[in-house]
Structure formats: structure tokens, C-alpha cells
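A.B. asks: Just a sequence and a predicted model for now, questions to come.
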Amino acid sequence: MRLYVHVLETRNSLTYDFNGRADAYVKLQIGKYIFRTRLVNIILKPIWNEEFVFQVEDLDDELSICVLDKDGFFDGEFTGEARIPVWRVFEADNQTLPPTWFKLHQRSNKSKIKDCGEILLIISLYGRPNNNPSAIHPLPSDFLKLSDSAHSSVEHKLAPTKPSKTGLDDLAEEKPSFQALAGRLVKRFLSKNDNSNAPTTKNMDSLDCSSTISDDARELDEGSSLDSTFEEALSILQSRDQQNELPDNLPGGVLINQAYKVKPNDLNSILFAPNSQFSREFIELQGITDLREGPWKWDNDGETLKRTLQYKKPATKLVKSVRATEEQTYLKASGKSFAIFNSVSVPDVPYGSSFQVELLYKVMRGPELSSGEETSLLVISWHLNFLQSVMLKGIIEGGTRAGLKESYDQFTDFLAKKVKAVDSREVDLDKELVLASVQMDQQSDWKLPVEYFWNFTVVTTIFMGLYFLCHIILAGPSTIQGLEFTGLDLPDSFGELLTAGLLVLQVERVLEMVSHFVQARLRRGSDNGIKAQGDGWLLTVALLEGSNLASVGATGLSDPYVVFTCDGKARTSSIKLQTKDPQWNEIFEFDAMEEPPSMLDVEVFDYDGPFDEATSLGHAEINFLKHNSAELADIWVPLEGKLAQASQSKLHLRIFLDNTKGAEIIKEYLARMEKEVGEKINLRSPHRNSMFQKLFGLPPEEFLINDFSCYLKRKMPLQGRLFLSARIIGFYANLFGHKTKFFFLWEDIEDIQVVPPSLASVGSPSLMITLHKGRGLDARHGAKTQDEEGRLKFHFQSFVSFNVASRTIMALWRTRNLTPEMKAQIADDQHCPDGKITPTEECGSFLGVEDANMSKAYSASLPVSINSLMEMFGGGYLDRKIMDKAGCLNYTTTPWEAVRPEVYERHISYKLNRHISNFGEEVTSTQQKSLMADGIGWVVDEVMTLHNVPFGDHFRVHLRYQIEDSATLLETCNCHVYVGIAWLKSTMFQERITKNIFEKLTQRVKHMFHLAEILSSK
């Protein structure tokens, strides 16, 4: 049997705080089964309007109702209790106690407080022991009356209904009838002797008739089967569907976005049909126990379909086993698309009563396959809804996110075993066939002008012109009168003057329309249909149509055109005149790219003449890493911006990203990166690439370049691995089952700085990555800080090999941020230029040295051996002594590390004293030394970054020390020092800063070598 308990409200039951508030909830219990309502913050009286379902096997069971007042972090304070025996509900008319006020009592008779208030309940009993609870259960009329009264007076609503009893005391005073007692005794006797469920009656003469279950209840339990009832309910929802769009994804993020080879209706049944085999097997896989699956029933006056699931979640390493209640509600069911909203509450976890986990399941038509097989797309998004403010909101969100990710990763794997998932490689959809169909749908040249000029203004102007022409032909010559003379015919009345003026205005308006149309046609998208050039990553965008585009004119219509931008290249569509739902059906191809693109920028403009500034109607960014090829092949893109959001504007696109060179393009990319990094980069195995893609949910074209073990520095360091690919930098850590995972694009990065070693970084340098404002918001849980401008800052430290990691990260970042012109220039300058400065052993760049215009600052022959002089770069006594004498405070250095044969690198940091610089700036440098080609000396390259100085982020200072043995004198070496500045950003003070730095460094270098000569000779 199922006991339905509807908790409505209480009155006169709570003791209020000093501010007149109370935090109330109700705990319900039958045997070992316990439920509780949500926590209600109330001022006058609490209203819950919540329903709970108990499985009852014995009529002697007793329902315990406790009202409690939550006090801070502690358990609720007992306020009052009521106990209702189940047999009382069984004996009531139709086995239902109508809305009844039950008195609340203290647990002890010794308590001085006698009046604890009252609670309003509706209690119904349906079914027989061990019956099937899967039929759809219509709510009683009293339930329907109360469904919309959660915030109004329930007592007033139920005034016409006369309660059967006034309270528990009255129930207790009335002794049960002899027939009822006899029925209970018969039931108990038969159950003990025959080990069967005996029927209970209220009338001994009708014991063989044996049931007091109402005819309606019997009809529900013994009527049509579950599947047919569920299908009938969905059919009713489909008949009511008003073709509304599916709701937007919840703001917490998307957990699953996968297409399956099954019809949407069948996938919906697999997931949500009563007693679904898939659901039960998945529940067993997760270790969930004590499942109670409520029936689907009508809610909200029969407008929505809803059911409640109650289960016990298994214990984890951090949380004990807890009970959960899940409410599932159909928001939309049209046969081809479904939307189901889930609200999950887990009150037994810490702060569980203060939040609910919300999930939105969307099942819709999936991409078309070349085989013609029908598919469906499953999208699951989530959101954490806080019912009240808590201090640990960030920790709760992070833990919930990690738990959901892990659970739904398991869900995806298990569903793929039952229903075949669509492989993204299958959704190339016969690209040529799709694009051919787009071209066939293009609007004809004659249809567009007909639609544009077929309006009231043009028609009336033509009619008036023809009318005037006929009048002129039919009218005879007029006599000259007034101020007229031969050749000048003036209007003879005000009517003629007004008519002529109207005609002139109409003709002027038509001429403006003709001019606007001609200009728009001359500016029609010349990029449509142009084939891409080259081999590599080819991007093809098919612009199909727009919907609800905003208007900025008085006509309520706009003249929209679209601009696509990718990798610094733009493609422009044609202009569609006077429409808010334009049809383009145009195809744009971008020339081959050496690297896979990350983003496609889309912006819609309103054309208003060739010399007027175009008005933006909306914009959007399409992130290729957050969509698989199946989604990109047929996607509706919502536009952002005030105008677009107000109109809910969208664009319908089909996007294809193809690699025409296969694995060869990856090898070429890695070879280019090897030159930048100066380190061998091995091609990762397909299995490792697949694991990397699955870990971060990336498309199959993404390939792993390298990964490093490091610490993510937040409030507490978190050890994990940093993954680098062509388009992203990602971090993953798993600490005792708590997973931290995020990634952001290389294009999101504004700056990368090397932070010198410190006590906080355990004596090792660290990397600080700063993102552009508003970028990388999905990864904000991994950021250490966020500055005043809203830029996220990430700190990574304790790399096994910091030099290799930093060079790889810097090279990938610089490569992704180069413009096409800069890339072409680098390709032309691959060979080392001939110049005054002797090149290093390998032709290549060292942190951008080639960007600096080097000039000689110092040249001298010193009577010191080359080995003695090189000690000034050795990190020992001479090095520290010279830097100390040169005014460098807190001087620290890392040991020299080999980065490639005969090439070594180290990092230094110090602070200049006030005598050297008024700003007392901090300096971080990276030095790299290598043998000269002939082996007679060394070349030391240094890249210096100045911190805490004006415009310090605009430039980098480069120095080159060239030390070689003298060819004529023994124990003598020749020293040459070159200084240059590489400008990262332009400024009007560029010339002044360059002059100042060159003069200061020239003096400093002379002083340092003079000190080296003196100290080396001692």
C-alpha cells in the first residue's frame, strides 16, 4: 500500500527569534523510513505544500509528524509532534482524510507547554500490499485546489470542506468500531498461519467481498499497463504542445552533449519510462539502494506531468550514505523534443537544506546521417540553486560540480552500452551533399527585388504617376493666367499644389529605395562561393538563415548582413533588405590554416549606406572545442548584445572543419614547435590522445603536445598535471576522489610572467598566467586571484623541469597570438641574418631576442682569462659580489641547466636599490649561454623584465655578452656587450624610454666588468 501525506501548513506552532522569524521544517517517519520537508524561513506562519509517499505493509504502523525549528548549525529544536495510525486512514471514506488540523503535543507530559499549535495535513491510502505503484495517480480534488496556494492562506481555501476530525485528541477519544478491530485480528491471524495477505473489511458480513479500497483506486491499480498509461500521458502533453522552443541550458554548465542512434521518443522512454530497465541497471551500478519510484501524476491543474523518486545514495570517501529526493517534471513533450526538469534535494548532507541541485534533460532531434538513420541529441545541464545564503558556497559548488561530472561520465559510458552513440566522424554528413542542398535553396535574383519593392509606397507611387500621366494625356491645353507664361504652368488651386507635393514626396522616397537597393546589390557578399586555397585546416561555414533579428529603424525591419572572422581573416555575406527573418543560403570558405582554429567570431550588422557606420544587431563566439562536429553541422547560434537579447535573435549555421593533410599536418606543427622550444617533441600515441580528449571533453581533432607535473597554487597548493595542446592549456588533479579540472584557450591569455623563486614557491620559479577580461570564466575555480579589472590569474609552480615547461608554454602562446602577417614574416626569416653579432650555435629564437634591435654598448680587452671572467655568470662568490656592488638587492639565481647540447639556461631575480632607480623595481631575467661556433668563447643572452615601473609591461630588455679569447695576448679576453629593447606594445614615450635604458645599462655594464677585472686579479 502507498500512503500519500500532503503537508500543507502549521499555525501557532513555533517560537520566534528576537526578530520575529523562525526556520521551520517537518520530519515524517513510518518505521525506519524518514523524510523531511524543505526549510522555510517564515515570519507569520510556514507553508510547505509538499507531498511524500510511504510504502506501508501493516495497518498497525503509525505516522509520526514532528515540527522542528532549525537553530544555526545544530539540529532542529523540537516544537511539537502528532501521531496518526495508518488504520485510521484505512477506515476513512475513500481511504482519505480530507484537510484536517491535527494538534501538536510535547513528547513528555511533564512539559509546561501544552498548546504546541496545529498542522494541516491531507492523507490518502491507495493500493494493496505489494501492489504495482506504477500507474499514473491523479491528485484528489483537494490537492488540485491547493497546488497554487503555497503562498496564500490554505485555511481560507479549504473553508468549505468540513474536516472529519478536529485533531488527534478527538481521534483518540473515539474508540475503533468492533468491525474494524475484528478485521485487524483476522488479518493478523491469517498472516501468521497462512503466510499470506488477508483482506481487511469494515463489515464482518461482507468479509468475502474483502476490500474497502475505493472503486477509483482499484481502477487505477488494476487498469491499463504502465507503459500504455505513460504513453497516453505523453500523448496528452503532445496534443497541448504549443510549439514553444526548448528551454535554455542551465547556467551551471553542460554535463552531457551527445548524439545517439535512436529516435527521440525512444530515448525519452529509455530514460524516464516507469520501471525502466536502463534506469534500474544504472542505479545498481552506482550502488543506490532503497529506491522508491513514485508514479507519474498530473500536477499544476493537469498542465504538467510529475513524479518523485526517493533513494539512498552510497557513502563516499568524504560523505556518508544519505537519502535523496528527486522530483522530475516534464516541461515539454512534442514527440520530437522533450524537456524534463529535475530538482534533487539531499537534506542529510552538510548545509543540504540550504540548496537544491537542478538538472535539465533535453532530448531533441540529432544530426542527419548520410545513411538516413534517425538520431537524437541528449543535452544535460545543471545548476545549484541556493535557497539561503551560506558561507561555504564556493566549496559546495566545487564539490557538487566534481560529483556530477564523475557521475554523468559514468552515465554516458553506461548509456553508450545500451544505445549506440553517434561518432563525430560519421557526421560529416556528406559535406558536399549538404552544401549542394544549401546552394540549391538560394533565392533567385528576380524574387528579391519583387519582395523588396512590393509595398504600399511603391505601389501607390506608381498608381499616382500613371494617374497623373493619363490626366495629362486626356486634358486639353490650359489658358495662361496669373503669373504663368509660355513654358511655365503653375498650380491653379491649393488642391493641385497639395497633390503635386504628395507625388514629389512619393517619388523621392521610391528613388531612395532604388538607390539603397542598388548599393546593397553592388555590395553583395563577394566571399560567397569562393573556394579555399592551400592544404591544412579548412573551415567551411554555411549561413542558412536568421530569426528575429533586431531592428533599429522606424519600419520595424532591418537590412542585415553577417561578418565571420577566424584566424584574423574575415568573410562577409550579402545584404538582405527589409526583413527580420532573412534567408541567405550562402557558403564561405576560409583558406587553409596551419593550426586548428579555436574560435569563430560572428557579428550581424544593419546596412545603412556606404558612408554610414554600420549598427551591430548582435554578435556571438563559436568555440570549436565546446562543440563536436555533429553539433556544428547543424547549429542555431543565439546572438548576444542588448538588441539581440531583447529580440531573441538567432542564426542558423552549418560549420565544417576538415584536415586535408591528415597526420602529416600534426608532424609539421610539432616540428615547428621543436624549433621554438629547442626540445624534441614526440608524437603522442592515439590511445593517450584519446584519453586526453575524453578527460577534457575535447573534439577528436585536438592532439596533445606535452604534459607536466606541477602544483596549482591557490589557497593551498594542489598537485596535478598541466596538459598542453595546440589550442588549450588544461589542468587536472585528483585528490582523494575530489577532482579539479579546467582548461582555457591560448587566445584567452593576455600575459605570462616568470615569478622568481621565493619561500612561498619552495625555492622554485613559477609561472603566472593572466587572462583577458571576461575570458576563461569556466576555469575561474582554478584561479588564484582576480584583479580589479576582472582578469583571472593562475599560478603554476614546482615543475620537474621548469625551463622546458616555460619554454614550451611561451612558444605555444606566442604562436597562437601571432597575426597571419607576422607568421608570414617569420616564415620568410627562418634563416639567421648576417650581421655584426655572432649567432649562437643553432639558428633560432631565445624568448624573442630577434625582436630587439641590438646596439653595441661596451667593448674592451681585459687582462683576465676567459674562465676567470665567466665566473661572473657562475652563480658563485664573484657573481654575487659583483651584483651586490652593482646595487642589486636580494639576488637569487637558479643553477645552470642544459636545454640542449652545449646550451645552458638559468633564471635570476633581484631588486634595484634606490640609488640605481627611483622606483626600486624588481627585475627577473632569463640567461642562456652557449659556446661559439669556433669554440674560442661564450655567448650569454639575457632577457630582462622590469616590474613595478611605468610602462614595464610594454617592453623587454635584451642583452648579449660575447666573451672570447684574445688571438694575440695570453690571459686576455675580448668582451663585447649589445643592448636592445623589444617592444610588446606601442607608446608615445618609446624613444625616451629606449634612450634612458640604453644609457643606464651602458654605465652598469662598464661598472660590472670593471669590478670583474679587479676581483678576478686578486
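C.D. replies: In hand now; what should we look at?
A.B. asks: ok, so what distance separates Lys103 from Thr37?
C.D. replies: Distance of Lys103 to Thr37, computed by Cβ to Cβ, to the nearest Å: 19 Å. Placement of C-beta: from N, CA and C, glycine included.
A.B. asks: Show me how far the host helix or strand of Thr892 is from its chain's centre.
C.D. replies: In the assignment (DSSP states H and E), Thr892 maps to strand 888-893. Here strand 888-893 is found 44 Å from its chain centre; the criterion is Cα atoms, centre = their mean, to the nearest Å.
A.B. asks: what lines up beside that strand in the sheet?
C.D. replies: Neighbouring strands of strand 888-893 in its sheet, by DSSP bridges, are strand 903-912 (antiparallel).
A.B. asks: Buried residues, the partner strand. List them.
C.D. replies: Val903, Tyr904, Glu905, Arg906, His907, Ile908, Ser909, Tyr910, Lys911, Leu912 (16 or more other Cβ atoms under 10 Å).
A.B. asks: and the closest residue to the fifth one other than its chain neighbours, how many neighbours?
C.D. replies: So the one you mean is His907. Residue nearest to His907 in three dimensions, not counting chain neighbours: Thr894, with 4.8 Å by Cβ to Cβ, 6 or more residues apart in numbering. Thr894 sits with 20 neighbouring residues when counted by other Cβ atoms under 10 Å.
A.B. asks: I'd guessed Thr894 sits against Ile908; true?
C.D. replies: Yes - using Cβ atoms under 8 Å, Thr894 makes contact with Ile908 at a distance of 7.5 Å.
A.B. asks: quick one on the thing from earlier: which residues sit in contact with the residue nearest to His907?
C.D. replies: When contacts are counted by Cβ atoms under 8 Å, 6 or more residues apart in numbering, Thr894 touches Pro757, Pro765, Phe802, Arg906, His907, Ile908.
A.B. asks: which of those has the weakest pLDDT?
C.D. replies: Among the contacts of Thr894, Pro757 carries the lowest pLDDT, at 81.
A.B. asks: in the following helix or strand past the strand holding Thr892, what's buried?
C.D. replies: The helix or strand immediately downstream of strand 888-893 is strand 897-900, counting by DSSP H and E. If you call a residue buried by 16+ other Cβ under 10 Å, then strand 897-900 has these buried ones: Val899.
A.B. asks: where along the stretch 401-550 of the chain do the helices fall?
C.D. replies: Ranges of helices in the stretch 401-550 of the chain, per DSSP state H, counting those that start in this stretch, are 431-440, 447-453, 456-474, 494-522.
A.B. asks: So Ser269, which state does it fall into?
C.D. replies: helix (DSSP: H, G, I helix; E, B strand; the rest coil).
A.B. asks: Beta-bridge partners for the residue nearest the centre of the chain, please?
C.D. replies: Residue closest to the average C-alpha location in the chain (Cα atoms, centre = their mean): Gly253, at 4.2 Å. Beta-bridge pairing for Gly253 (DSSP bridges): Trp382.
A.B. asks: still on that earlier bit, contacts for the strand holding Thr892, please.
C.D. replies: 756-757, 875, 879-880, 883-884, 906-913, 923.
A.B. asks: which sections of the stretch 301-450 of the chain are below the confidence cut-off?
C.D. replies: 317-319, 370, 424-448, 450 (pLDDT under 70).
A.B. asks: can you give me the strands in it?
C.D. replies: 304-313, 322-333, 338-345, 355-365, 376-386 (DSSP state E, counting those that start in this stretch).
A.B. asks: What I need now is the ones you listed written out in CSV, including distance to Gly495 and mean neighbour count for each item.
C.D. replies: Formatted as CSV, the strands of the stretch 301-450 of the chain follow (distance: least, Cβ to Cβ, whole Å; neighbours: other Cβ atoms under 10 Å):
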stretch, distance to Gly495, mean neighbour count
strand 304-313, 65, 19
strand 322-333, 61, 19
strand 338-345, 63, 20
strand 355-365, 63, 21
strand 376-386, 66, 19
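A.B. asks: Could you dump those into JSON lines and include distance to Gly476?
C.D. replies: Formatted as JSON lines, the strands of the stretch 301-450 of the chain follow (distance: least, Cβ to Cβ, whole Å):
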{"stretch": "strand 304-313", "distance to Gly476": "78"}
{"stretch": "strand 322-333", "distance to Gly476": "72"}
{"stretch": "strand 338-345", "distance to Gly476": "75"}
{"stretch": "strand 355-365", "distance to Gly476": "71"}
{"stretch": "strand 376-386", "distance to Gly476": "76"}
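A.B. asks: Leu469: which of these is closest?
C.D. replies: Comparing these by their distance to Leu469 (Cβ to Cβ), the top pick is strand 355-365, with 56.4 Å.
A.B. asks: The closest one: how far from the chain's middle?
C.D. replies: 14 Å.
A.B. asks: List the strands paired with that strand, with their directions.
C.D. replies: Sheet pairing for strand 355-365, using DSSP bridges, gives strand 338-345 (antiparallel), strand 376-386 (antiparallel).
A.B. asks: which residues are contacting it?
C.D. replies: Here strand 355-365 has contacts from 246-247, 249-250, 252, 255, 264, 267-268, 271-272, 336-346, 374-387, 390, 396, 400, 404, using Cβ under 8 Å, 6+ apart.
A.B. asks: at 7 Å what do you get?
C.D. replies: 246-247, 249-250, 264, 267-268, 271, 336-345, 376-387, 396, 400 (Cβ atoms under 7 Å, 6 or more residues apart in numbering).
A.B. asks: wait, doesn't Tyr330 sit right on Glu303?
C.D. replies: No - if you go by Cβ atoms under 7 Å, Tyr330 and Glu303 don't touch, sitting 9.9 Å apart.
A.B. asks: Now stretch 706-726 - C-alpha only, PDB.
C.D. replies: Output of stretch 706-726 as PDB, limited to C-alpha atoms (Å, rounded to 0.1, in the frame of the first residue of the first chain):
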ATOM      1  CA  ASN A 706      53.100  17.700 -23.800                       C
ATOM      2  CA  ASP A 707      52.200  17.400 -20.200                       C
ATOM      3  CA  PHE A 708      54.000  18.300 -17.000                       C
ATOM      4  CA  SER A 709      53.600  17.500 -13.300                       C
ATOM      5  CA  CYS A 710      53.200  20.700 -11.300                       C
ATOM      6  CA  TYR A 711      51.400  22.400  -8.400                       C
ATOM      7  CA  LEU A 712      48.400  24.700  -8.900                       C
ATOM      8  CA  LYS A 713      48.800  27.500  -6.400                       C
ATOM      9  CA  ARG A 714      45.600  28.600  -4.700                       C
ATOM     10  CA  LYS A 715      45.000  29.000  -1.000                       C
ATOM     11  CA  MET A 716      46.600  25.500  -0.700                       C
ATOM     12  CA  PRO A 717      48.900  24.100  -3.400                       C
ATOM     13  CA  LEU A 718      47.200  21.300  -5.400                       C
ATOM     14  CA  GLN A 719      49.400  18.700  -7.200                       C
ATOM     15  CA  GLY A 720      48.300  17.700 -10.700                       C
ATOM     16  CA  ARG A 721      49.300  17.700 -14.300                       C
ATOM     17  CA  LEU A 722      49.300  20.500 -16.800                       C
ATOM     18  CA  PHE A 723      48.300  19.500 -20.300                       C
ATOM     19  CA  LEU A 724      49.300  21.500 -23.400                       C
ATOM     20  CA  SER A 725      47.700  21.100 -26.800                       C
ATOM     21  CA  ALA A 726      47.600  23.200 -30.000                       C
END
